[in-house]
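K.L.:
what shape does this take:
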Amino acid sequence: MRLLFVHGDREYLLEPGAEFGTDLGVIEVPDDVTAGDTVETHLGEVFEVREPRGPDLFDHFERTGAPMMPRDIGLLVGHTGASRGDRVLDAGTGTGVLAAYLGRVGADVTSYERDPNFAAVARENMALAGVTDRVEIRTGDLTADLDVLADGAGYDLLTLDTEDAPTVVERAPELLVSGGFVAVYSPFVEGTRAAHEAAEETGLSEVKTFETIQRRMDFGERGSRPSTAGVGHTGYLLFGRH
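P.N.:
Predicted coordinates for the structure are as follows:
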């Protein structure tokens, strides 16, 4: 697994034995390097070695689109109680950020991605996150496999980031264990409303939809206030329970 080499606001993910050139000098990574060590470049600049955590992987994953933000994933985990040993069925893998986070908390994830190129990148990201033993990336359309998956499926959590989420939500009772959750993420309110209506029509309980908005605080000599930079909105999260 790669480790994070940090110097001020610089950080690089490098493997043991690697040699990497920067304007601060060449980093020669020892084969036996471990988190907590320090490594000097040939110019004497010191880098701290850390084990990458979820937010670090979010920053360093190869992107194939706009991934879910950590704040959205935090809400999803908090509202569904996703934890070690859970079986998760995920659709709309994309970059794989959500799948990686769930894998790192110990859930077993089967994730569907329609685009073969996106799926290939996601598999590489799962290897970087160290979760290939818990996260399977399948290339294909989840809706095409629903009949097979619904046959004795027993998933604890169904997570959807796809335009056809309402179609899958309609089958949620067949896919989930009793008490299991469905979570739908969408950047647009139209798709969210359709998924919300599908959840209610299907008879799911505890159906709730939230908009996720977060504002960073700025503290200065003149005073303290929310930052004026950025929109703050990332998307909508729908939750329902079988």
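K.L.:
secondary structure element for residue 211?
P.N.:
Taking DSSP states H and E as the criterion, residue 211 maps to strand 205-213.
K.L.:
tell me, how many residues neighbour residue 230?
P.N.:
9 (other C-beta atoms under 10 Å). C-beta: built from backbone N, CA, C; applies to glycine.
K.L.:
quick check: it touching residue 216?
P.N.:
Yes - using C-beta atoms under 8 Å, residue 230 is in contact with residue 216, at 7.5 Å.
K.L.:
wasn't residue 103 part of a helix?
P.N.:
Yes - Residue 103: assigned to a helix according to DSSP: H, G, I helix; E, B strand; the rest coil.
K.L.:
list the contacts of it.
P.N.:
109, 126, 129, 131, 134-135 (C-beta atoms under 8 Å, 6 or more residues apart in numbering).
K.L.:
again with residue 205
P.N.:
By C-beta under 8 Å, 6+ apart, the residues touching residue 205 are 240-242.
K.L.:
just the ones of the residues you listed in strands?
P.N.:
240-241 (DSSP state E).
K.L.:
mind putting the contacts of residue 205 in a markdown table, pLDDT, distance to residue 58 and neighbour count included?
P.N.:
As requested, those are exported to a markdown table (pLDDT from 0 to 100; distance: C-beta to C-beta, whole Å; neighbours: other C-beta atoms under 10 Å):
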| residue | pLDDT | distance to residue 58 | neighbour count |
| --- | --- | --- | --- |
| 240 | 98 | 26 | 27 |
| 241 | 97 | 28 | 18 |
| 242 | 96 | 30 | 21 |
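K.L.:
residues near residue 8, how many?
P.N.:
9.
K.L.:
swap in residue 96?
P.N.:
Residue 96, neighbours per other C-beta under 10 Å, totals 31.
K.L.:
the closest residue to it other than its chain neighbours: helix or strand, and which one exactly?
P.N.:
Leaving aside its chain neighbours, residue 96 sits nearest to residue 122 (3.6 Å; criterion: C-beta to C-beta, 6 or more residues apart in numbering). According to DSSP H and E, residue 122 maps onto helix 116-129.
K.L.:
quick one on the thing from earlier: out of the contacts of residue 205, who's nearest residue 37?
P.N.:
Of all these, residue 37 sits closest to residue 241, with 45.8 Å by C-beta to C-beta.
K.L.:
distance check, the closest one against residue 145.
P.N.:
23 Å (C-beta to C-beta, to the nearest Å).
K.L.:
cool, and residue 80?
P.N.:
22 Å.
K.L.:
neighbour-wise, which of those two wins?
P.N.:
Under the criterion of other C-beta under 10 Å, the comparison of residue 80 against residue 145 puts residue 80 first, with 21 against 15.
K.L.:
just checking, the more buried one touches residue 239?
P.N.:
Yes - between residue 80 and residue 239 a contact is recorded at 6.8 Å, counting by C-beta under 8 Å.
K.L.:
lowest-scoring secondary structure element of this structure by mean pLDDT?
P.N.:
helix 146-150 (a mean of 86; mean pLDDT, DSSP states H and E).
K.L.:
what's the following helix or strand after that one?
P.N.:
strand 155-160.
K.L.:
what lines up beside that next one in the sheet?
P.N.:
Sheet pairing of strand 155-160 (DSSP bridges) gives strand 87-91 (parallel), strand 176-186 (parallel).
K.L.:
what's in contact with it?
P.N.:
76, 80, 82, 86-92, 98, 102, 107, 168-169, 172, 175-177, 180-185, 195.
K.L.:
just the buried members of the residues you listed?
P.N.:
76, 80, 82, 86-92, 98, 102, 107, 168-169, 172, 175-176, 180-185, 195 (16 or more other C-beta atoms under 10 Å).
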